[in-house]
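Chemist: Any chance you could fold what I've pasted below:
(one chain, ligands or ions: 2)
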Amino acid sequence: MSNINDTVHRVTQRIVANSRDSRRRYLDLMDRERDRQPDRNSLSCSNLAHGFAAALEDQQAIKTNRGPNLAIVTAYNDMLSAHQPYGTYPPQMKVWAREVGATAQVAGGTPAMCDGVTQGQDGMELSLFSRDVIALSTTVAMSHAMYDGMFLLGICDKIVPGLFMGAARFGHLPAIFIPSGPMPTGIANKQKQKVRQLYAEGKATRAELLDSESASYHSPGTCTFYGTANSNQMMMEMMGLHIPGSAFVQPGTPLRQALTRAAVHRLAQIADDPAHSFARCIDEKAIVNAAVGLLATGGSTNHAIHLPAMARAAGIAFDWNDLAELSGVVPLVTRVYPNGSGDVNHFQDAGGMGYVVGTLLSEGLAHRDIVTVGGDDLSIYAQEPWLDGDVLEWRDVGESGDPEMLRPASDPFQADGGMRLVEGNLGRACFKTSAVEPERWTVEAPCRVFETQAAVADAFSKGELDRDVVVVVRFQGPRANGMPELHKLTPPLGVLQDRGYRVALVTDGRMSGASGKVPAAIHCTPEALGGGPLARLRDGDIVRLCARTGELSTTADLDVREPVVVTEDENGMGREFFAMFRANADSAEKGASSMLALAGL
Ligand SMILES: O=C(O)[C@H](O)[C@@H](O)[C@H](O)[C@H](O)COP(=O)(O)O
Ligand code: SF4
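Modeler: Ligands and ions are numbered 1, 2, ... in the order given. This next block holds a predicted model:
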């Protein structure tokens, strides 16, 4: 008998009910794809010959359909430290596929944006929509009817959601996500933050700041703060889409190599197995498990946008009411920077995802009975991988190795999850409480209204914000300018907060998963462009946000005001090409996707 928590069960049942028609349509399509989908034997000789012309030593195996042919969809590039290790993966994966009578081919590549490089730059306005470009690129790669399964090589912010959304449309096949792991720990994240604030105050030079930053981000591997990229890895474990325990094993280690090899062998084993198709794995319970993991670990606010989009791609309706209700019963069991001082390497050493899965299952807060790539029970993810000589094994994780960072769900850091829904006459927004001191969960102050991050920085440098203030940055929504992250606001607002002022941010834009410290109501829906309530705010209006009561409101009478109209020059850095994404994007709560909207999903 399942010990599933009543609220988790009720929310899951509501999602199933809300998704009944769309999920049925999705699964019927996947069944038709399996029946209709031409496999290699039904391709014409010309089609097939083109498909293995360059397969070199695998030509005969593919030509004679000797075994499963596995697609590698890779988001490799040298720019993302997290994705740089993927450069050497495909040749190795082909060798490991041959070991088990299979073949592997790079089916295609997807782009991968580094939000760290584009943070605060024009390029950030392409970031959110790059997720859909990645989904489209995955679709292009898989549109060649040559494959019996998918390897998805991607880690960072928009890449895992994009790969997931694209692969979902080929859900009749099995799929395994393959991570590459976090870089070794550099300087402490809090030290990095301190130098940034000093620089914001003009008390550190650019050279000192660059030294500090490059001591934090210093080698191949995922950045070690718990932002969107590492939240992606957590979700893949909670959904059972990795080989168990793959998330946070460092690149270039024997264990990492063994886990990747195991992934290749496993996909060959489940290829063409309808019981382990990607569509079967990504059901309502798996989506709920991902949301539970997000709340329990204080994960990135970006997933309040990506998870609804990922769910829609699989025919599942998931919204902020679901997230908010789960947040009421899912405790915060980890404190990883920005929600604490340690990073993901410390988290892994303390017990990592094996510990998190185990404690959530023991309290009935996650669904055990889901189809995973590792097997049909999530409990196998409540272990950690290790090497016994050359042999890959899994073992129980035991107690938390650091109760300051990782605690049981029966004795958590916070009784409820790190994400709150706040709403009122300014719209609906997300408020991440796990990275904000509880005494700052309520802020009421006169607002100062801006249309760009740069204008905020300018006002800060002139001392115009040295008071209790709610900083409003509007016209940052998906249809306005692609809904960029406004993470560069964190240092100046952090300085104001450290000076003793009551400070908060309200925006229809996003923040980084690495943002923390300053109370923020983000993803405001409806957005300002087109007349959302933020467009009617004026400097000096009293704005109140409260994570406890779930309030986001102003005392100003907005109904008597005309909305401000702001048009931005969306040219340069290729933004003009993304006009079609902005024009049709639906709301942040639905995933901010024109691709899904126009596909009728
Ligand atoms: O959502 C995220 O996790 C962020 O987008 C992250 O991927 C981005 O790179 C941050 O900008 C890094 O933080 P810093 O900008 O503070 O280095
Ligand atoms: S975690 Fe962010 S900054 Fe680091 S490589 Fe990925 S996208 Fe870039």
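Chemist: got a pLDDT number for the nearest residue to Thr185 once chain neighbours are set aside?
Modeler: Sequence neighbours aside, Asn345 is the residue nearest to Thr185 in space, at 4.7 Å (criterion: CB to CB, 6 or more residues apart in numbering). Glycine gets a C-beta too; all of them are placed from N, C-alpha and C. pLDDT, Asn345: 97.
Chemist: Make sure Asn345 is actually in contact with Phe248.
Modeler: Yes - when contacts are counted by CB atoms under 8 Å, Asn345 is listed as touching Phe248 (7.3 Å).
Chemist: Could you check which of these two has the larger neighbour count?
Modeler: Ranked by neighbour count (other CB atoms under 10 Å), Asn345 and Phe248 place Phe248 first, with 23 against 19.
Chemist: What does the pLDDT read for that one?
Modeler: pLDDT, Phe248: 98.
Chemist: follow-up on the earlier one: joint contacts of Asn345 and Phe248?
Modeler: Residues touching both Asn345 and Phe248 by CB atoms under 8 Å, 6 or more residues apart in numbering: Pro182.
Chemist: what about the helices in the stretch 201-350 of the chain?
Modeler: Ranges of helices in the stretch 201-350 of the chain, per DSSP state H, counting those that start in this stretch, are 206-216, 228-238, 254-270, 278-281, 284-296, 303-313, 320-327, 344-350.
Chemist: For this structure, what lies in contact range of ligand 2?
Modeler: When proximity is defined as CB under 6 Å from any ligand atom, the chain approaches ligand 2 at Leu80, Ser81, Ala82, Cys114, Asp115, Gly116, Cys156, Asp157, Thr222, Cys223, Gly227, Ala229.
Chemist: Which single one of the residues you listed is nearest to Asp21?
Modeler: Asp157 (31.1 Å; CB to CB).
Chemist: Can you classify that closest one as helix, strand or coil?
Modeler: coil (DSSP: H, G, I helix; E, B strand; the rest coil).
Chemist: Which residues are in contact with it?
Modeler: Met113, Asp115, Ser127, Gly227, Thr228, Ala229, Asn232, Ser300, Asn302, Gly513.
Chemist: Quick one: these as CSV, columns for pLDDT too.
Modeler: Listed next are these as CSV, based on pLDDT from 0 to 100:
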residue, pLDDT
Met113, 97
Asp115, 94
Ser127, 97
Gly227, 95
Thr228, 97
Ala229, 98
Asn232, 98
Ser300, 96
Asn302, 97
Gly513, 84
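Chemist: Tell me which two of those residues sit farthest apart.
Modeler: Going by CB to CB, the pair spanning those furthest: Met113 and Ser300, at 15.1 Å.
Chemist: who has more neighbours, the two?
Modeler: Counted by other CB under 10 Å, Met113 and Ser300 do not tie: Ser300 has more neighbours, with 30 against 25.
Chemist: wait, isn't that one in contact with Met235?
Modeler: No - counting by CB under 8 Å, Ser300 sits too far from Met235 to count as a contact (9.7 Å).
Chemist: Which residues are in contact with each of the two?
Modeler: Contacts common to Ser300 and Met235, judged by CB under 8 Å, 6+ apart, are Leu294.
Chemist: Would you mind naming what in the stretch 401-550 of the chain lies close to ligand 1?
Modeler: Residues of the stretch 401-550 of the chain lying close to ligand 1 (CB under 6 Å from any ligand atom) are Glu485, His487, Ser512, Gly513, Ala514.
Chemist: Who wins on neighbours among those?
Modeler: Counting by other CB under 10 Å, top hit in those: Glu485 with 29 neighbours.
Chemist: residues contacting it?
Modeler: Applying CB under 8 Å, 6+ apart, the residues near Glu485 are Asp115, Gln119, Met124, Ser127, Asn302, Gly509, Arg510, Met511, Ser512, Ser515.
Chemist: now it: how far from Ile134?
Modeler: Applying CB to CB, to the nearest Å, the value for Glu485 to Ile134 is 17 Å.
Chemist: Run me through the strand neighbours of the longest strand along the chain, direction for each.
Modeler: In the chain, assigned by DSSP state E, the strand with the most residues is strand 442-450. Take DSSP bridges as the rule and strand 442-450 pairs in its sheet with strand 469-473 (parallel), strand 542-546 (antiparallel).
Chemist: what residues does the first one touch?
Modeler: Strand 469-473 is contacted by residues 443-453, 456, 465, 486, 489, 493, 496, 501-507, 509, 534, 537, 543, 545 when judged by CB under 8 Å, 6+ apart.
Chemist: got it, and the last one?
Modeler: Outside of strand 542-546, the residues within contact range by CB under 8 Å, 6+ apart are 422, 426, 429, 431, 441-447, 470, 472, 504, 506, 519, 521, 537, 551-556.
Chemist: Flag every residue of the chain that's near ligand 1.
Modeler: Counting by CB under 6 Å from any ligand atom, the chain sits next to ligand 1 at 115-116, 119, 157, 227-229, 300, 302, 485, 487, 512-514.
Chemist: of those, closest to ligand 1?
Modeler: Gly227 (2.3 Å; CB to the nearest ligand atom).
Chemist: Name the residue of the chain with the shortest distance to ligand 2.
Modeler: Closest point on the chain to ligand 2, by CB to the nearest ligand atom, is Gly116, at 2.6 Å.
Chemist: Report all helices and strands that the lowest-mean-pLDDT helix or strand in the chain contacts.
Modeler: None of the helices or strands of the chain scores lower by mean pLDDT, DSSP states H and E than helix 189-200, at a mean of 89. If you count contacts as 3 or more CB pairs under 8 Å, 6 or more residues apart in numbering; DSSP states H and E, helix 189-200 packs onto helix 206-216, helix 490-498.
Chemist: Kindly recompute the last result at 10 Å.
Modeler: Packed against helix 189-200, as judged by 3 or more CB pairs under 10 Å, 6 or more residues apart in numbering; DSSP states H and E, are the following elements: helix 206-216, helix 453-461, helix 490-498.
Chemist: Give me the angle between it and helix 206-216.
Modeler: Between helix 189-200 and helix 206-216, the angle comes out at 160 degrees (axes from the mean of the first three to the mean of the last three CA atoms, to 10 degrees).
Chemist: Between helix 453-461 and helix 189-200, find me the angle.
Modeler: Using the same axes, to 10 degrees: helix 189-200 against helix 453-461 is 70 degrees.
Chemist: could you flag which of the contacts of strand 469-473 are buried?
Modeler: 443-445, 447-453, 456, 465, 486, 489, 493, 496, 501-507, 509, 534, 537, 543, 545 (16 or more other CB atoms under 10 Å).
Chemist: Go through the residues of the stretch 401-550 of the chain next to ligand 1 and name the one nearest Gln193.
Modeler: For these, the nearest to Gln193 is Ala514 (9.6 Å; CB to CB).
Chemist: Gly401 reaches Gln348, doesn't it?
Modeler: Yes - taking CB atoms under 10 Å as the definition, Gly401 is a contact partner of Gln348 at 9.5 Å.
Chemist: Which of those two has more residues huddled nearby?
Modeler: Gln348 (24 against 16).
Chemist: My guess is that one contacts Glu384. True?
Modeler: Yes - between Gln348 and Glu384 there is a contact under CB under 10 Å: 8.5 Å.
Chemist: okay, and the common contacts of these two?
Modeler: Gly245, Phe248, Val249, Gly354, Tyr355 (CB atoms under 10 Å, 6 or more residues apart in numbering).
Chemist: Would you mark the buried spots in the helix or strand harbouring the fourth one?
Modeler: Assigned by DSSP states H and E, Gly354 belongs to helix 352-362. If you call a residue buried by 16+ other CB under 10 Å, then helix 352-362 has these buried ones: Gly352, Met353, Gly354, Tyr355, Val356, Val357, Gly358, Thr359, Leu360, Leu361.
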